[in-house]
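**Student:** give me a 3D structure for the following:
(chains A and B)
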Number of protein chains: 2
Amino acid sequence: MTFQAKFYSLIFAFVLFLGIDIQAQDEQNQDALQIKTIYDLALTESKGYDWLYDLTNEVGGRLAGSPEGAAAVEYGRQIMNTLNFDTVYLQPCYAPHWERGDKEVVRVAQSAIGSFELTALALGNSVGTGDQGLVGEVIEVRSLDELRNLDDNYVKGKIVFFNRAFDNTQIHTFRAYGGAVDQRVRGPLVASQKGAIAAVVRSMTNKIDDNPHTGTTGRDDAIRPIPAVAISTLDAEELSRALKMGPASIYIRTTCIMHEEPVLTYNVVGEIKGKTNPDEIILVGGHLDSWDVGGGAHDDGTGCVHSLMVIELLEKINYEPNRTLRCVLFMNEENGLAGGRAYWEASYAAEEFHMAAIESDRGGFTPRGFSVDGHKDIFSEKYKQVYDWLPLLEPYGLTFEKGGSGADIGGLKDQKGLLFGFMPDSQRYFDYHHTTIDHIEAVNKRELEMGAASMTALVWLLDKYGIR
Amino acid sequence: MTFQAKFYSLIFAFVLFLGIDIQAQDEQNQDALQIKTIYDLALTESKGYDWLYDLTNEVGGRLAGSPEGAAAVEYGRQIMNTLNFDTVYLQPCYAPHWERGDKEVVRVAQSAIGSFELTALALGNSVGTGDQGLVGEVIEVRSLDELRNLDDNYVKGKIVFFNRAFDNTQIHTFRAYGGAVDQRVRGPLVASQKGAIAAVVRSMTNKIDDNPHTGTTGRDDAIRPIPAVAISTLDAEELSRALKMGPASIYIRTTCIMHEEPVLTYNVVGEIKGKTNPDEIILVGGHLDSWDVGGGAHDDGTGCVHSLMVIELLEKINYEPNRTLRCVLFMNEENGLAGGRAYWEASYAAEEFHMAAIESDRGGFTPRGFSVDGHKDIFSEKYKQVYDWLPLLEPYGLTFEKGGSGADIGGLKDQKGLLFGFMPDSQRYFDYHHTTIDHIEAVNKRELEMGAASMTALVWLLDKYGIR
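**Tutor:** Model (predicted):
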């Protein structure tokens, strides 16, 4: 090549490079506009908040296996039928059938500061005390290990009080929850193994208040179940104060029933078949069941509504997906995960590939981003591709971080797609989680809408670009 | 130099470079630890939430010039006296003296859909209708320009209804506020100029609900003031619906009084003299006054408490500042800015230099960062220095962005320091702003504490490193 030829080819390459760059820039601007439109529509035209109102007020608390749980399935299907799904169907699963029974009575019968009531809720899946109730001396512990190190004879016949507080220095409140929740999930089992007759657990919350927080407790065929209740943090502090001054005994009456037979119930699934890559599935979901107390607003009505709104918003921008979009309202996340398991089983049996799955199960607060998880063989490479979209999402206060996704989609990891957990601001979540006050009033309409817009934007990017 | 000498000096330079790098890394780690300690203490040991409880409940709504305003001054001083200030003093200023008078009566007297009550609050600084009230036909407009373009004879003797809603597609709700608030501030003046007898303004909020939002309306010596009220957004929608069907008239009765004489009141100021650079002032502040309705919790009890907590937290880490720290609780931000003006005047007269000033006046929600402002001669260079600290603040969800700081500190710009506005999540702010429900219940303790920790971290960095 002559010098001139070289020079011109250099110029040509440079112009080509500029051209590609301008094209990429154009594309990014187009993407930014599309995402802005999604947010605009979410904040002005969505029906999401009304859906949440109905789900939390008309249906109400909706434990798997309860009549309200069945009503929620029907309500979910009705909403899906108003959206542009190709198919809407119910996916059967068998959930444990637990009933709370009468209002719990928990009372300090005797202590250095007298007798007083404790505001309490039985733990989900726990057994009742029987009609007469039971009474026993209380032992306070701060950890399972502290209990394990006690002499069995000392624990035998007593009531174990688990009183380790949330670590409030954790900025992400879910980490504080993770650091305390073994007391509720495993505590009563360990107490039973040590010979205790019942367990009382400090509620899982950052707040000091008089709201007890229910939640599931573990079952183990090899361990005799004992009655187990959560008491409010205010009462936990008061009981602990009493115990510093001398022995105390507690009376507990719960009439919970864990039925022998599981109950037939359903995930609600809606699907839009992909135009060009129908075998690559993008899932959005939350869980439809909630605890029986409260309205299940932040846990997880907002997650269901977010997921439905993704489809609503894509419809509003007339988007026809390349990949198969599936919206799943999972049943029985709270006390068994039967819905999640049934979904995974069917999916692996059909040799499906979930290119991506997004679960919203951390409340409906202002969005902060997504946690991203995946099989170790593919994670770093696929994460990098998604991370490149960040400039499009940062204007909405979003970020990506590595971390767990959601209970209902975790089992899809071996399909080697990416799993996302929607991550809203976490500061208020454990003010409401599993309580009687988790109602629509605790959900801000705009925050709900912005969450749905964030998920829709991510789904739209996933569908447009795919993940290699 | 021989080759060997060159080689060794190269090695030497490299080792030196590594050393400096390690030292910088060490310093950054130390800083990160210090900032973590600040957050830990804020989230576990601060008295801030109790202060806010007292300010909003014991003192309550506290308009400048009212007895509650005076009580707030005394309460602010009391708290400052419990902290390690070198000096605490009151800085006098003269505020307008406005009183709301009787509960407002605003009613659609006649319309196509009958007669109905409108939930309303008189606008601050507005005049009353007199005891008898007034009645007039309503004209609905969406903007000041729309009103200006109407024929004076058409407007004369009527009541102008300003009904432009917030633009809910604005992610930052303060932008939506900025795009609507001219209706409240200037609207009644323009209406008066056109011959209207009163003005009714749609409340400044994103929400559709039945809470009216008060707020200041402009005064102009050249323009005859007319009665002006804000009605709830629900009522604004209903009134607008009625007007689409035919003419409507409204009855308004307010007994507000704007007294001739301003009232002597005070900023509350606490100061810690700097050890090494006492002439470089770092200010933290919020405004102590609030509207008379509600408890002035998010506006701006949280800003005052944030600022006091900065001093509390620096005390907890035994920090002796290099620069002079000043905590200022400004009076009369809401309806006159007399406190801010008095402060600026005294500061320029004393030839002071505010190296940095931080105002918190956007609520006590989860912190998202700081807006940064400054004189154009110095802004880009100084902003860059501060921006370099971002890696230390990002783990707490904070960012810096260019933008206005706060009404009470804006006048300090000519001193050529940096001005910061604390920037919490804005989604819920206008649910409460200037309403009867802006109470402690709307403030989350952890969110308040994280806000104070964010401000303290910034103050600590500003004091440690300075801004050149």
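**Student:** beta-bridge partners for the residue nearest to residue A:191 when sequence neighbours are not counted, please?
**Tutor:** Nearest residue to residue A:191, sequence neighbours excluded (CB to CB, 6 or more residues apart in numbering or on different chains): residue A:160, at 4.0 Å. Where C-beta positions appear, they are placed from N, C-alpha and C, glycine not excepted. Bridge pairing for residue A:160 (DSSP bridges) gives the partners residue A:139, residue A:199.
**Student:** check what pLDDT residue A:160 gets.
**Tutor:** As predicted, residue A:160 sits at a pLDDT of 98.
**Student:** and for the one 3 residues further on?
**Tutor:** Model confidence at residue A:163, expressed as pLDDT, equals 98.
**Student:** contacts only, for it.
**Tutor:** A:140-142, A:202, A:236, A:239-240 (CB atoms under 8 Å, 6 or more residues apart in numbering or on different chains).
**Student:** how far away is the residue nearest to residue A:191 from chain B?
**Tutor:** Between residue A:160 and chain B the computed distance is 26 Å (CB to the nearest CB, to the nearest Å).
**Student:** are any of the contacts of residue A:163 buried, and which?
**Tutor:** In terms of neighbour count (16 or more other CB atoms under 10 Å in any protein chain shown), the buried residues within these are A:140-141, A:202, A:236, A:239-240.
**Student:** count the residues that sit near the residue in the stretch 1-150 of chain A that chain B sits nearest to.
**Tutor:** Here the residue of the stretch 1-150 of chain A nearest chain B is residue A:40; by CB to the nearest CB that distance is 4.3 Å. Applying other CB atoms under 10 Å in any protein chain shown, we find 17 other residues in the vicinity of residue A:40.
**Student:** ditto for residue A:138
**Tutor:** Neighbours of residue A:138 under the rule other CB under 10 Å: 22.
**Student:** so which bits of chain A are right by chain B?
**Tutor:** A:39-40, A:43-44, A:168-169, A:171, A:173, A:206-207, A:366, A:368, A:395-397, A:425, A:427-428, A:431, A:444-447, A:450 (CB under 8 Å from any CB of the partner chain).
**Student:** in the stretch 101-250 of chain A, mark out all the helices, start to finish.
**Tutor:** According to DSSP state H, counting those that start in this stretch, the stretch 101-250 of chain A carries its helices in the segments A:144-148, A:152-155, A:173-178, A:182-185, A:187-193, A:233-245.
**Student:** deepest-packed of those helices, please.
**Tutor:** Comparing the helices of the stretch 101-250 of chain A by mean neighbour count (mean count of other CB atoms under 10 Å in any protein chain shown), helix A:187-193 ranks first with a mean of 24.
**Student:** please enumerate residues in contact with it?
**Tutor:** Contacts with helix A:187-193, where a contact means CB under 8 Å, 6+ apart, come from A:123, A:126, A:144, A:147-148, A:155, A:160, A:162, A:198-199, A:201, A:217-218, A:220, A:223-226, A:228.
**Student:** next, give phi and psi for the nearest residue in space to residue A:105 that is not next to it in sequence.
**Tutor:** Excluding the flanking residues, the one nearest residue A:105 by CB to CB, 6+ apart is residue A:253, at 4.2 Å. Phi and psi for residue A:253, reported as degrees, to the nearest 10, are phi -130, psi 120.
**Student:** doesn't residue A:116 make contact with residue A:238?
**Tutor:** Yes: using CB atoms under 8 Å, residue A:238 is in contact with residue A:116, at 7.2 Å.
**Student:** can you map out the strands along the stretch 301-450 of chain A?
**Tutor:** For the stretch 301-450 of chain A, the strands defined by DSSP state E, counting those that start in this stretch occupy A:323-330, A:353-359, A:367-374, A:399-402, A:418-424.
**Student:** make CSV out of these and add mean pLDDT.
**Tutor:** Below are these laid out as CSV (pLDDT from 0 to 100):
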stretch, mean pLDDT
strand A:323-330, 98
strand A:353-359, 98
strand A:367-374, 98
strand A:399-402, 97
strand A:418-424, 98
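**Student:** ok, which of these comes nearest residue B:77?
**Tutor:** Among the strands of the stretch 301-450 of chain A, strand A:367-374 comes nearest to residue B:77, with 38.5 Å by CB to CB.
**Student:** pull up the pairing partners for the closest one, direction included.
**Tutor:** Note on strand A:367-374: by DSSP bridges, its sheet partners are strand A:399-402 (parallel), strand A:418-424 (antiparallel).
**Student:** settle this for me: residue A:436 is touching residue A:294, isn't it.
**Tutor:** Yes: proximity of residue A:436 to residue A:294 meets the contact threshold set by CB under 8 Å, at 4.8 Å.
**Student:** higher neighbour count, these two?
**Tutor:** Shown here are residue A:436 and residue A:294; by other CB under 10 Å, residue A:294 has more neighbours (25 against 17).
**Student:** any regions of the stretch 1-150 of chain A where pLDDT drops low?
**Tutor:** Applying pLDDT under 70 to the stretch 1-150 of chain A flags residues A:1-20.
**Student:** against residue A:113, how distant is the residue nearest to residue A:105?
**Tutor:** Distance from residue A:253 to residue A:113, counting by CB to CB, to the nearest Å: 22 Å.
**Student:** ok, now residue A:310?
**Tutor:** Taking CB to CB, one finds residue A:310 at 53 Å from residue A:113.
**Student:** ok, now residue A:84?
**Tutor:** Here residue A:84 is placed at a distance of 62 Å from residue A:113 (CB to CB).
**Student:** same check on residue A:418?
**Tutor:** 54 Å.
**Student:** please say which of these two ends up with more neighbours.
**Tutor:** Set residue A:418 next to residue A:113 and count neighbours by other CB under 10 Å: residue A:418 wins out with 26 against 15.
**Student:** is it true that that one touches residue A:380?
**Tutor:** No: assessed by CB under 8 Å, residue A:418 is found out of contact with residue A:380, at 11.2 Å.
**Student:** for the residue nearest to residue A:105, give me its contacts.
**Tutor:** Listed by CB under 8 Å, 6+ apart, the contact set of residue A:253 reads A:102, A:104-106, A:129, A:131-134.
**Student:** can you put those residues in CSV and add neighbour count and distance to residue B:188?
**Tutor:** Listed next are the contacts of residue A:253 as CSV, based on neighbours: other CB atoms under 10 Å in any protein chain shown; distance: CB to CB, whole Å:
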residue, neighbour count, distance to residue B:188
A:102, 12, 59
A:104, 25, 57
A:105, 16, 59
A:106, 26, 58
A:129, 24, 66
A:131, 8, 68
A:132, 8, 70
A:133, 18, 66
A:134, 17, 69
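**Student:** so which of these sit within strands?
**Tutor:** The strands, defined by DSSP state E, take in A:105-106, A:134 from the contacts of residue A:253.
**Student:** pLDDT wise, what is the one residue in the stretch 101-250 of chain A that gets nearest to chain B at?
**Tutor:** With CB to the nearest CB as the measure, residue A:169 is the residue of the stretch 101-250 of chain A nearest to chain B, at 4.3 Å. At residue A:169, the pLDDT value in this model is 98.
**Student:** tell me, how many residues neighbour it?
**Tutor:** There are 15 residues near residue A:169, going by other CB under 10 Å.
**Student:** residue A:376 too?
**Tutor:** So residue A:376, with other CB under 10 Å, has 8 neighbours.
**Student:** residue in the stretch 251-400 of chain A with the shortest distance to chain B?
**Tutor:** Counting by CB to the nearest CB, the stretch 251-400 of chain A gets nearest chain B through residue A:366, at 5.1 Å.
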